[in-house]
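Participant: Make a model of this:
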Amino acid sequence: RLFYVALTRSEKYLFLSCHQNNINSDRRSNPSIFFEEFPKQFALTQPIPDPTDREELDLSETALLHRFATSYSDLRYYDRCPFDYKLRFIFGFNPEIAIALGYGKSIHNILNIIHTDHRRVPPDFETVQQIVDDNFFLRYCTPDFMERFKDSAIRIIQTYVKSFSGEFKLILETEKSFEFALDEALISGQIDLIKRLSEDGELEAIEIVDFKEHDNTEFTTDYRKQLRLYAIASMRALGLNPKRATVHHLDEGTRSEVDISKKVLNAVEKNISGSIQSIMKRDFPKYPTKRKCEFCDWRHFCTKKDS
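Facilitator: Okay, here's the model as predicted:
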């Protein structure tokens with residue numbers, strides 16, 4: 001059956017080969033009986049040039065037929081180490097699954113529910129707890145750790161609601177998706193929160209609500225760069241005019257403002273454009289540092305790691 005499938009799936013050329021026995025080896029193997037049955041008159045068995053009459057193709061470089069689809073979530077790996085990006089997105093290697101995988105996503109989903117359903121009347125503690133119970137889920141987490149993460153989520157979200165629920169009435173959009181072209185790339189993403197500057201104001205402020213815990217590793221997301229990219233996206237893709245950008249540190253119950261002046265946004269756009277051009281040129285150098293390599297997903301086989 002496998003031999004039949006192999007023969008019938010060929011669309012242009014079919015190559016049949018087998019292992020050549022080594023008479024000096026104890027391990028002997030014989031070609032498949034189906035290999036021997038294949039009619040030799042329909043095959044080339046000698047190393048001669050291809051006799052088929054084919055039109056030569058134009059091998060000169062042509063314009064791209066599609067854009068390179070990416071996001072900040074992907075590009076941040078290139079910022080950390082281009083070789084990490086290559087292993088992860090070009091070669092398709094998958095890192096070890098952590099039990100906390102999906103924690104930040106669950107927090108965002110619950111916040112989206114609160115922002116959507118409780119703009120006028122903020123939820124009380126019991127309501128927050130019920131929302132978390134109904135919507136918090138970690139696929140790879142054990143029951144014991146699940147309860148710990150869930151308790152942490154309740155605490156974080158309750159603190160956020162208590163501190164900032166007075167601004168819920170200013171919300172314009174939640175989890176707003178975007179796409180915009182930058183050079184040969186199509187950058188997509190999702191802005192967590194877009195709101196007005198004030199109740200009587202006409203200007204929109206872009207605001208990201210993102211879970212940020214203390215991270216002792218070298219690899220922490222550059223939230224300022226991410227938010228500046230989102231500010232660019234809000235202008236290019238959504239037609240907005242952001243005047244303020246804020247990062248919410250949910251674990252600390254605080255927030256900080258990010259500079260989105262024209263000069264800063266131009267610098268970020270130039271930096272991201274440079275990364276995109278390097279990826280398109282297949283330029284993936286390694287940037288080893290001891291602290292960075294210590295927590296790298298590929299530290300066990302990377303030949304350039306800093307030990």
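Participant: Tell me how many other residues crowd Q129.
Facilitator: A count of neighbours around Q129, defined by other C-beta atoms under 10 Å, yields 17. Where C-beta positions appear, they are placed from N, C-alpha and C, glycine not excepted.
Participant: what's near enough to touch it?
Facilitator: Contact analysis of Q129 by C-beta atoms under 8 Å, 6 or more residues apart in numbering lists I154.
Participant: Let's verify it: helix, strand, or coil?
Facilitator: Three-state assignment for Q129 (DSSP: H, G, I helix; E, B strand; the rest coil): helix.
Participant: Against S234, how distant is it?
Facilitator: Separation of Q129 from S234 (C-beta to C-beta, to the nearest Å): 33 Å.
Participant: Over to L57?
Facilitator: L57 sits 44 Å away from S234, going by C-beta to C-beta.
Participant: Show me which helix or strand of the chain is least confident by mean pLDDT.
Facilitator: strand 204-210 (a mean of 59; mean pLDDT, DSSP states H and E).
Participant: who touches the helix or strand that that one is followed by?
Facilitator: Next along the chain after strand 204-210, taking DSSP states H and E as the criterion, comes helix 223-236. For helix 223-236, the external contacting residues (C-beta under 8 Å, 6+ apart) are 72, 76, 79, 178, 180, 187, 189, 191, 194, 204, 206, 208, 210, 212, 240-242, 245, 247, 258-260, 264-265, 268-269, 271-272.
Participant: Between the two ends of stretch 250-270, what distance do you get?
Facilitator: 30 Å (C-alpha to C-alpha, to the nearest Å).
Participant: Please identify the buried residues of it?
Facilitator: The neighbour-count check on stretch 250-270 (16 or more other C-beta atoms under 10 Å) flags L250, R255, V258, I260, L265, V268, E269 as buried.
Participant: and if you look at stretch 141-149?
Facilitator: C141, F149.
Participant: same question, stretch 176-188
Facilitator: So, applying 16+ other C-beta under 10 Å, buried residues of stretch 176-188: K176, F178, F180, L182, A185, I187, S188.
Participant: what about the strands in the stretch 51-200 of the chain?
Facilitator: Secondary structure of the stretch 51-200 of the chain (DSSP state E, counting those that start in this stretch): strands at 68-71, 171-182, 185-196.
Participant: what would those strands look like in a markdown table with distance to T8 and mean pLDDT?
Facilitator: Shown next, in a markdown table, are the strands of the stretch 51-200 of the chain (distance: least, C-beta to C-beta, whole Å; pLDDT from 0 to 100):
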| stretch | distance to T8 | mean pLDDT |
| --- | --- | --- |
| strand 68-71 | 34 | 93 |
| strand 171-182 | 41 | 91 |
| strand 185-196 | 38 | 91 |
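Participant: Could you list the low-confidence segments of the chain?
Facilitator: Residue ranges of the chain with pLDDT under 70: 20-28, 62-65, 198-221, 305-307.
Participant: how's it carved up into domains?
Facilitator: 2-20+30-42, 69-94+167-294, 103-166 (automatic domain parsing).
Participant: In this structure, spot the helix with the most residues.
Facilitator: Taking DSSP state H as the criterion, the chain has its longest helix at helix 143-164.
Participant: Could you check how far V247 is from S152?
Facilitator: 19 Å.
Participant: now do S10
Facilitator: 55 Å.
Participant: which of these two has more neighbours?
Facilitator: S152 (15 against 10).
Participant: Return the residues in contact with the more buried one.
Facilitator: Contacts of S152 (C-beta under 8 Å, 6+ apart): none.
Participant: Look up how far M146 lies from it.
Facilitator: Computed as C-beta to C-beta, the S152 to M146 distance reads 11 Å.
Participant: Could you do S163 as well?
Facilitator: 26 Å.
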